[in-house]
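**Student:** Could you look at this predicted model? Sequence included:
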Amino acid sequence: MEKIENVNTEFKELDWQSKKIPDSVMKTICSFANTEGGDIYIGIRDDGSVIGIDDPDDVMTRLSNMIHDYILPDMMPFVQIQTIQLEEKLVVQVTVSTGTERPYYLAKKGLKPEGVFIRRGSACIPLNESGIRNMIIETSGKSFELSRSLNQSLTFASLNEEMKKSHLEFGTAQMKTLKMIGPDGLYTNLALLLSDQCPYSIKIAVFQGTDNAVFRERKEISGSLLNQLNESYQFLDFYNKTKAVFSGIRRIDQRDYPEAALREALLNSIIHRDYVFSGSTIINMFDDHIEFNSLGGLVSGLSMEAIMLGISQSRNPHLAAVFYRLGLVESYGTGIRKIQRLYQTHHTKPVFQTAEGGFTVSLPNCNESPIELSAAQTDLTVTGNPIYETIYQFALEQGYVTRKDVEELMDFKTTKAFKVLKEMCANGQLIQKSNGRLTQYLPVNEK
């Protein structure tokens with residue numbers, strides 16, 4: 001053999017006093033497994049001179065134990081250890097093949113640059129986080145959310161609290177079912193997103209006027225995506241002002257943005273963004289509109305026209321499934337169409353824009369956008385209440401409306417849905433019709 005260190009050959013010698021195997025051997029094994037494989041010869045100096053070892057069987061046993069304890073995932077199937085004779089001296093040869101579960105890393109360091117190494121020339125160099133992430137996706141063939149998390153020291157206080165609210169059990173078994181723990185027993189990126197250590201954030205800015213010239217307030221919200229959802233909605237709700245208008249002697253209170261529309265746009269920006277990008281989700285609130293800017297654009301093969309038809313393909317289906325199980329979303333593919341329904345009585349409509357790497361939802365301020373009445377609605381004794389208008393338009397399109405429809409359409413509780421339907425019946429907009437166990441409310445021109 002040629003006794004020169006190179007991309008796939010490394011020489012090591014035991015500590016001359018303790019006969020200890022140097023820890024750098026584990027780093028070299030990792031680098032070979034993560035790159036193109038190679039051989040380590042223990043008992044040869046860096047200059048190529050063979051010094052041999054006294055007890056090769058003991059060295060092979062200790063090496064095997066160290067590889068098992070020091071390196072994750074298990075890479076013993078890709079390592080062969082044997083004794084060879086060079087210049088009449090015994091040397092231990094460690095042959096490492098390229099592993100199938102890359103990246104391999106030092107267990108004490110974790111999936112971080114200080115724990116993941118690749119081979120470049122005769123040196124072992126740390127792999128940066130971007131390289132680690134790409135290697136995981138490349139070798140696993142999995143989506144981002146199912147790939148191994150770089151951070152394995154995760155806690156789930158926010159998720160545990162939400163599971164309790166939904167009366168759902170939460171433990172290792174449930175985490176495996178939800179795909180938060182992969183087949184290798186390690187946390188996935190889905191677990192990272194739901195953990196208290198989630199590295200992504202939402203940045204919200206409130207501006208004075210209709211452009212971004214003057215800041216009024218800004219806030220960055222981090223932690224679990226569940227925590228980000230709750231805190232972001234509370235912040236937006238605080239700035240979602242209520243304006244009083246009058247129709248005759250009746251006072252009508254209308255918020256700048258329908259609560260359900262804010263909620264759907266916020267959920268969309270969290271569930272469907274591309275977390276391969278490390279940037280924050282950006283929400284900008286102006287006097288006349290609010291923008292939700294998320295990274296990633298549309299899923300490949302899906303057009304904006306298909307989205308408007310109600311077609312949905314989630315980039316993060318397992319994340320969406322967790323939100324669905326927690327009762328935070330109703331069903332897939334309904335968010336954008338629900339937002340459109342909530343604005344159907346206003347002249348200014350929501351705008352949905354996509355570009356490579358980004359998606360934006362822009363909601364107009366309802367109190368800056370006058371209500372638009374159809375000819376059929378103008379003939380009615382209409383109060384101008386946008387809640388009534390939205391429900392009535394839905395009833396016209398479907399032929400009727402139910403209490404359940406109103407709950408989902410307006411994000412109302414059962415009691416409030418019944419109250420609004422009774423008011424609309426009293427106003428002459430709807431007529432109640434019982435059909436067995438199902439009560440329907442018909443628009444007056446559909447009697």
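**Tutor:** Great, that's in hand. Numbering: from 1, shown residues only.
**Student:** now the stretch 101-250 of the chain, which segments are flagged as low pLDDT?
**Tutor:** Regions of the stretch 101-250 of the chain meeting the criterion pLDDT under 70 cover residues 141-142, 245-250.
**Student:** Checking residue 432 next. Helix, strand or coil?
**Tutor:** Put simply, residue 432 is strand when judged by DSSP: H, G, I helix; E, B strand; the rest coil.
**Student:** Number of residues surrounding it?
**Tutor:** 12 (other Cβ atoms under 10 Å). (Glycine included, C-beta is placed from N, CA and C.)
**Student:** wouldn't it be in contact with residue 439 here?
**Tutor:** Yes. The pair residue 432 and residue 439 passes the contact test of Cβ atoms under 8 Å, sitting 6.4 Å apart.
**Student:** Please report phi then psi for the most far-flung residue of the chain relative to its centre.
**Tutor:** Here the chain reaches farthest from its C-alpha mean at residue 88, the gap being 59.3 Å by Cα atoms, centre = their mean. Backbone torsions of residue 88, given as degrees, to the nearest 10, read phi 60, psi 20.
**Student:** gap between it and residue 8?
**Tutor:** According to Cβ to Cβ, to the nearest Å, residue 88 and residue 8 sit 25 Å apart.
**Student:** for residue 28, same thing?
**Tutor:** Distance from residue 28 to residue 8, by Cβ to Cβ: 11 Å.
**Student:** The two: which has the busier surroundings?
**Tutor:** In this comparison of residue 28 against residue 8, neighbours counted by other Cβ under 10 Å, the higher total goes to residue 28 at 20 against 16.
**Student:** before we move on, what SS does the more buried one have?
**Tutor:** Using three-state DSSP, the three-state assignment for residue 28 comes out as helix.
**Student:** How about the contacts made by it?
**Tutor:** Applying Cβ atoms under 8 Å, 6 or more residues apart in numbering, one finds that residue 28 lies in contact with 10, 12, 38, 40, 117, 124.
**Student:** Across the sheet, point out what pairs with the second one.
**Tutor:** In other words, residue 12. Per DSSP bridges, residues listed as beta-bridge partners of residue 12: residue 42.
**Student:** what about it, neighbour count?
**Tutor:** Neighbouring residues of residue 12 were enumerated by other Cβ under 10 Å; the total is 18.
**Student:** got the contact list for it?
**Tutor:** Counting by Cβ under 8 Å, 6+ apart, residue 12 has contacts 21, 22, 24, 25, 28, 40, 41, 42, 43, 44.
**Student:** Identify the residues contacting the second one.
**Tutor:** Put plainly, it is residue 22. Taking Cβ under 8 Å, 6+ apart, one finds 12, 14, 15 in contact with residue 22.
**Student:** can you check residue 5 too?
**Tutor:** When contacts are taken as Cβ under 8 Å, 6+ apart, residue 5 is in contact with 11, 46, 122.
**Student:** Return a ChimeraX selection command for the buried portion of these.
**Tutor:** One line in ChimeraX is enough to select the buried ones among the contacts of residue 5; burial here means 16 or more other Cβ atoms under 10 Å:
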select :11
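**Student:** Reformat the contacts of residue 5 into JSON lines and put distance to residue 144 next to each item.
**Tutor:** Compiled in JSON lines, the contacts of residue 5 are given as follows (distance: Cβ to Cβ, whole Å):
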{"residue": "11", "distance to residue 144": "40"}
{"residue": "46", "distance to residue 144": "41"}
{"residue": "122", "distance to residue 144": "34"}
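**Student:** What is the nearest of the contacts of residue 5 to residue 173?
**Tutor:** Comparing those against residue 173 with Cβ to Cβ picks out residue 122 as the nearest, at 47.0 Å.
**Student:** is it true that that closest one touches residue 7?
**Tutor:** Yes. Under the criterion of Cβ under 8 Å, residue 122 makes contact with residue 7 at 6.9 Å.
**Student:** Just the buried residues of stretch 341-354, please?
**Tutor:** Neighbour-count burial for stretch 341-354, counted by 16+ other Cβ under 10 Å, picks out 341, 342, 343, 345, 346, 348, 350, 352.
**Student:** same thing with stretch 21-30?
**Tutor:** Neighbour-count burial for stretch 21-30 flags 21, 25, 26, 27, 28, 29, 30 (criterion: 16+ other Cβ under 10 Å).
**Student:** cool, stretch 413-422 as well?
**Tutor:** Of the residues in stretch 413-422, those scored as buried under the neighbour-count criterion (16+ other Cβ under 10 Å) are 417, 420, 421.
**Student:** Just the ones of these in strands?
**Tutor:** Secondary-structure check on those using DSSP state E: no residue lies within strands.
**Student:** For residue 83, state which of those residues is nearest.
**Tutor:** The nearest one, if we look at the buried residues of stretch 413-422 relative to residue 83 and count by Cβ to Cβ, is residue 417, at 79.1 Å.
**Student:** quick one: the closest one from residue 32, how far?
**Tutor:** Remark: distance between residue 417 and residue 32 (Cβ to Cβ) = 65 Å.
**Student:** for residue 163, same thing?
**Tutor:** 43 Å.
**Student:** So for these two, which residue has more residues nearby?
**Tutor:** Looking at residue 163 and residue 32 with other Cβ under 10 Å, you find the greater number of neighbours at residue 32, namely 31 against 19.
**Student:** give me the element that one is part of.
**Tutor:** If you go by DSSP states H and E, residue 32 is part of helix 24-34.
**Student:** list residues touching both of residue 28 and residue 8?
**Tutor:** With contacts defined as Cβ under 8 Å, 6+ apart, the residues adjacent to both residue 28 and residue 8 are residue 38.
**Student:** Pull the residues that contact the strand or helix carrying residue 130.
**Tutor:** Remark: residue 130 resides in helix 129-140, with elements defined by DSSP H and E. Contacts with helix 129-140, where a contact means Cβ under 8 Å, 6+ apart, come from 34, 100-103, 111-113, 116, 118, 127, 142-144, 146-148, 150, 276.
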